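Trainee: Got a sequence here, can you build the structure:
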Amino acid sequence: MINYNNFKQVARALTIVENNLTGADELLKNLSFNKTTPIIGITGPPGAGKSTLVNSLIDLLLKDGSKIAVLAIDPTSPFNFGSLLGDRIRMASHFNHPDVFIRSLATRGSLGGLSAKTIEMADVLRAAEFDYVLIETVGVGQSEVEIAGLADITLVILVPEGGDEIQHSKSGLMEIADAFIINKADRADADVFTNNLKKIIGQKKGEHPPVFKTIASQASGIAEVAAFIKSSANLPHKRRELLMTEKAYKLIQQKLMQHIDKKKLQHDVAKALSDKKFNLYSFVDTYV
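Mentor: Below is the predicted model of the structure:
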């Protein structure tokens with residue numbers, strides 16, 4: 001079992017898994033989960049204030065002595081395959097806190113922003129017996145929906161000027177949210193946006209996710225969000241089969257692709273492009 005009190009041990013285990021170093025498979029297969037640690041997915045469009053909200057949430061969750069892990073997913077540079085943003089900089093106020101562990105993770109070329117490594121590293125953190133594992137997504141495109149296949153509780157953050165609410169419905173966010181958070185609620189039309197969102201939610205059958213209004217930069221409304229997380233953390237997971245299926249699919253996909261080195265692929269593509277008769281589909285067949 002990984003000791004969450006020893007952050008060096010946790011960091012070392014994550015590095016082994018992230019880089020698929022010797023012992024990674026054995027480490028993952030021997031993970032034991034002796035504690036029900038909820039994974040909280042935080043998603044939404046860029047600029048919605050996800051990192052600021054996570055900061056405020058951490059402040060509140062720490063007050064009851066909780067141990068918190070944050071996995072911040074950053075987009076990957078297409079040139080050096082490294083992380084572009086570095087959420088740890090934006091969460092600097094908690095970086096040295098003894099009860100908070102923060103780790104950035106590049107998307108590793110996953111178009112949706114959630115790679116199999118995200119699943120594996122989240123499970124390492126769960127096995128380390130943190131009280132909460134917060135995962136902040138890139139918030140671009142499909143990643144907003146994919147988080148539902150990983151998180152026990154999915155929080156979707158929107159802003160008043162986020163655009164046509166119907167577009168949010170079409171994107172699938174309506175189906176995956178356990179709660180909506182209208183951040184930057186001090187901006188114009190926040191009440192109108194919130195009421196319209198509630199009307200759309202009310203048209204859906206079954207239970208309706210709550211809608212919270214927050215101003216994360218001022219910690220306003222965060223207490224209600226923290227209370228929702230605590231009250232929902234130990235409830236039976238309604239999408240457990242879907243969650244496990246999505247996890248299994250991603251992991252199988254990774255296993256089937258593990259022999260492909262993306263840097264080598266880039267080199268091979270560059271070489272193949274010198275042929276005027278280059279055909280992408282014929283080229284791909286050489287890898288399948």
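Trainee: Please make it C-alpha for all contacts and neighbour counts, starting now.
Mentor: Fine.
Trainee: strand partners of the helix or strand containing residue 42, parallel vs antiparallel please.
Mentor: For residue 42, the enclosing helix or strand under DSSP states H and E is strand 39-43. Partners of strand 39-43 in the sheet, by DSSP bridges, are strand 132-136 (parallel), strand 153-158 (parallel).
Trainee: Quickly compare the ones you listed and say which is most buried.
Mentor: Mean neighbour count, computed with mean count of other Cα atoms under 10 Å, is highest for strand 153-158 among these, reaching a mean of 26.
Trainee: contacting residues around that strand?
Mentor: Outside of strand 153-158, the residues within contact range by Cα atoms under 8 Å, 6 or more residues apart in numbering are 38-45, 48-50, 147-148, 173, 176-183, 229, 232-233.
Trainee: now do stretch 190-201
Mentor: 159, 160, 161, 165, 174, 182, 185, 208, 209, 211, 213.
Trainee: That one: which residues count as buried?
Mentor: By neighbour count on 16 or more other Cα atoms under 10 Å, the buried set for stretch 190-201 is 190, 193, 194, 197, 198, 201.
Trainee: Mind exporting the C-alpha coordinates of the strand holding residue 42 to CSV?
Mentor: Extracted C-alpha coordinates of strand 39-43, given in CSV (Å, rounded to 0.1, in the frame of the first residue of the first chain):
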residue,chain,number,x,y,z
ILE,A,39,-12.8,10.9,-7.6
ILE,A,40,-14.2,14.4,-8.3
GLY,A,41,-14.1,15.4,-11.9
ILE,A,42,-14.1,19.1,-12.6
THR,A,43,-14.7,20.1,-16.2
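Trainee: how about the helix or strand following that strand as PDB, C-alpha atoms only?
Mentor: Sequence-wise, the next helix or strand downstream of strand 39-43 (DSSP H and E) is helix 50-62. Provided in PDB are the C-alpha atoms of helix 50-62 (Å, rounded to 0.1, in the frame of the first residue of the first chain):
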ATOM      1  CA  LYS A  50     -11.700  25.700 -12.900                       C
ATOM      2  CA  SER A  51      -8.300  26.100 -11.200                       C
ATOM      3  CA  THR A  52      -9.500  29.000  -9.100                       C
ATOM      4  CA  LEU A  53     -12.500  26.900  -8.000                       C
ATOM      5  CA  VAL A  54     -10.300  23.900  -7.200                       C
ATOM      6  CA  ASN A  55      -8.200  26.200  -5.000                       C
ATOM      7  CA  SER A  56     -11.200  27.400  -3.100                       C
ATOM      8  CA  LEU A  57     -12.600  23.900  -2.800                       C
ATOM      9  CA  ILE A  58      -9.200  22.700  -1.300                       C
ATOM     10  CA  ASP A  59      -9.400  25.500   1.300                       C
ATOM     11  CA  LEU A  60     -12.800  24.200   2.500                       C
ATOM     12  CA  LEU A  61     -12.100  20.500   2.300                       C
ATOM     13  CA  LEU A  62      -8.900  20.900   4.400                       C
END
